[in-house]
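Q: predicted coordinates and the sequence they were generated for:
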Amino acid sequence: MAQQDLKKQNPRKINPNNLPGTDEDPKKRPRFNVYWIYGLIFAAIIGYNMLRTVSTAGVETNIEAFKELAKQGDVNEIKVIRNKKFVRVFLNKDSVSNKPAVYNSILKSGQYETITKLAPPQLYFTISDDKNFTEQMENFRQENQTIKPFSTTYDDEGELFGQIISTLLPILLIGFLFIMMMRKVGAGGGGGGPGGIFNIGKSKATLFDKGTRVNINFGDVAGLDEAKVEVMEIVDFLKNPKKYTALGGKIPKGALLIGPPGTGKTLLAKAVAGEAQVPFFSLSGSDFVEMFVGVGASRVRDLFKQAREKAPCIIFIDEIDAIGRARGKNMMMSNDERENTLNQLLVEMDGFGTDLGIIILAATNRPDVLDNALLRPGRFDRQISIDRPDLVGREAIFKVHLVPIKISQTLDIHKLAEQTPGFAGADIANVCNEAALIAARKGKDAVDMSDFQDAIDRVIGGLEKKNKIILPEEKEVIAYHEAGHAICGWFLEHAYPLLKVTIVPRGTAALGYAQYTPKEQYLYNTDQLKDQLCMTLGGRASEDIFFNKISTGASNDLQQITKMAYAMVTVYGMNDKVGNISYYDPQQENTFTKPYSEETGKMIDEEVRKLVEDAYERTKELLIKHKQEVEILAKELLKTEVLFKSDVEALIGKRPYEEKKALDIIDNPKDAVIDDPMPGKVTTPA
Ligand code: ADP
Ligand code: ZN
């Protein structure tokens, strides 16, 4: 969609209050004046340099007169210009003006008057040859050892023109750089344009209006039914404001869309504007933040000024937490500029009546860090949570994004939705696009299931690297590692059901991974988390058992385990010794001080260590008990590289535990995956 710059949308209006003849936009004048000032400064610099060059000519005299002056002790310095065969004489200005009689007798008539007005060098005289002159001066000094010594320097001088160029060039260059810098800094939504730095206080909002009005409506937003119902009211209000105001009802000024990235918050906000057929201002919270103090606040002011002109309209602020973080709690890192911006936003939100028809939608993933003032009535008093889509939602989103794609008859959309737990709308859009690209590369005329499977793998694990060389023995370790994860999950009661396990190497990401379908639950008990720990440790334990040595391939597993174990002890109160205490610190205010004593810290470390050690022992026991099954899976993996749940069932029989209904809603697709990324460069501590 073409995005148009606000500046182009708002041609300057004639201010009716101004007298005839001065009817230009007042904003235009300062810009004009400031350019004049730049011009003047520039001219002054050039003028000064030229004047200096010219004035250095001084008054012509001869060497005899010079010697007389030197005897007076008034010569500070002489400069021998070798290439032009003359000498510049720098006199002490004060003593020159004190001796009119002396100078008048030495110099030609009238010359004295002139040199009193000149800055040094006041005089020059020609010489036949610089070597000759040097000798002459040496003799002169020998003869007149009592006179005040002066310094002699030797130099070459270019033509006047060359001199001007050489003084101008650096100035021009600096000026040019300066202008470029200002343009960059002032570059608003669309490439700076005229004005450069003078536009810095303008909002960077992208406006969709008239020709570029958003043509997205609720039909383009799949799933999110509850959220749609909530925003429907806003649409209705924007369409017939009178209906609401007549009854004295109050429509919220703003609504906060809360949810992880890529779940369609921007899409929904656009759809609201599209449905209501009103202009849509879109910008990100970080657009307000600049290095200059006061810019953020002035951008907020400008944004609302423009919005008032376009009302009824919608303002969408993405990542509002960039400006909306709680104010002034953290003394160490207070940020006045951000606070000013936030204050200005609050002031503006209070400043317009609901009947004006400006609705502010804001998106964030971190409602917990927002300043309470933002959530008060009359501001973002409505909160709409937008979760990652569930199975039904994912199927619906697939359907939306499959519309422009030529898919094969056999494509099972339901199965695609099943294979993408935790995917957000943006990930699904990405999968559809990737699948089409993959099919095109293979020269197919329709996109089929295998292309989608590759695309899903690719989105999960980054690009598949066919030509990545993995040594056979490395591959074996990876196969046993992944089989270890899979078997642990298979024989642990509370572990997630396996979806698939693979050892296909993937670009920057995984050596292999095991993907699970998380269960439908929001609360975990200690046993479940412990099983989770074991499942994650399964890879390393398997390497340990079968090869009697461990590799770096488990580093990511260990990171996860550490995080999980610390969370169990310090956040969920699952440790008897530490007790029912949670040190959860969502705003990370205590980056420098820990909320517990050093002893408690030691105890936490010990308990975490014990938790992980116990889990590791348990995992090893389990894998030793099921050594055969691990072996079967690993060998099959080495052959086929990918095993789906049904394959595993065929190989080692059904899972002994009844499977509860699978959960689709998880925070992150990566959470459904025990990923074994390339450990990267292994750095061994010295
Ligand atoms: P957010 O603002 O939450 O980070 P976006 O609204 O920018 O996410 O979503 C990015 C893209 O993902 C959209 O442009 C759209 O293609 C796709 N998408 C996300 N959610 C949905 C949905 N519910 N239905 C259809 N497409 C979606
Ligand atoms: Zn692993």
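A: Everything's here; your move. Residues are numbered from 1 along each chain as shown. Ligands and ions are numbered 1, 2, ... in the order given.

Q: with adjacent residues omitted, what lies nearest to the closest residue to ligand 1 within the chain?
A: Closest to ligand 1 within the chain is Gly425: 2.1 Å, counting by Cβ to the nearest ligand atom. C-beta coordinates here come from the backbone N, C-alpha and C atoms, glycine included. Distances taken as Cβ to Cβ, 6 or more residues apart in numbering place Gly264 nearest to Gly425, at 4.5 Å, with adjacent residues excluded.

Q: pLDDT score for the one you found?
A: Note on Gly264: pLDDT of 90.

Q: quick check: phi and psi at Leu492.
A: Dihedral pair for Leu492: phi -100, psi 130, per degrees, to the nearest 10.

Q: need the nearest residue in space to it, chain neighbours excluded.
A: Asp531 (4.3 Å).

Q: tell me which element the one you found falls in.
A: Here Asp531, judged by DSSP states H and E, is contained in helix 526-547.

Q: residues of the stretch 201-350 of the chain that sit close to ligand 2?
A: Within the stretch 201-350 of the chain, not a single residue sits near ligand 2 (Cβ under 5 Å from the ion).

Q: helices along the stretch 201-350 of the chain, start to end?
A: 225-239, 241-246, 265-276, 295-310, 321-324, 336-351 (DSSP state H, counting those that start in this stretch).

Q: would TSV of those helices with mean neighbour count and distance to Asp130 be doable?
A: Conversion of the helices of the stretch 201-350 of the chain to TSV gives the following (neighbours: other Cβ atoms under 10 Å; distance: least, Cβ to Cβ, whole Å):
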stretch	mean neighbour count	distance to Asp130
helix 225-239	17	87
helix 241-246	13	90
helix 265-276	24	77
helix 295-310	20	59
helix 321-324	24	68
helix 336-351	18	62
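
Q: for Phe398, which of these is the nearest?
A: Each of the helices of the stretch 201-350 of the chain has some distance to Phe398 by Cβ to Cβ; the shortest is helix 265-276, at 15.2 Å.

Q: contacting residues around the nearest residue to Leu342 once chain neighbours are set aside?
A: Of all residues not flanking Leu342 in the chain, Ile323 sits nearest, at 5.3 Å (Cβ to Cβ, 6+ apart). Shown in contact with Ile323 (Cβ atoms under 8 Å, 6 or more residues apart in numbering): Gly285, Phe288, Val289, Gly296, Arg338, Thr341, Leu342, Leu345.

Q: and the two most separated of those?
A: Top of the distance list for the contacts of Ile323 (Cβ to Cβ): Val289 and Leu345, 12.3 Å.

Q: which elements pack onto the helix holding Asp531?
A: helix 472-491, helix 555-570, helix 598-625, helix 627-640, strand 673-677 (3 or more Cβ pairs under 8 Å, 6 or more residues apart in numbering; DSSP states H and E).

Q: can you pull out the strands in the stretch 301-450 of the chain?
A: For the stretch 301-450 of the chain, the strands defined by DSSP state E, counting those that start in this stretch occupy 313-318, 358-364, 382-385.

Q: work out the sheet partners of the second one and label each with its direction, please.
A: Paired strands of strand 358-364, with direction, are strand 254-258 (parallel), strand 313-318 (parallel) (DSSP bridges).

Q: residues from this structure in reach of ligand 1?
A: Residues of the chain that fall close to ligand 1, judged by Cβ under 6 Å from any ligand atom: 221-224, 261-267, 363, 397, 400, 425-426, 429.
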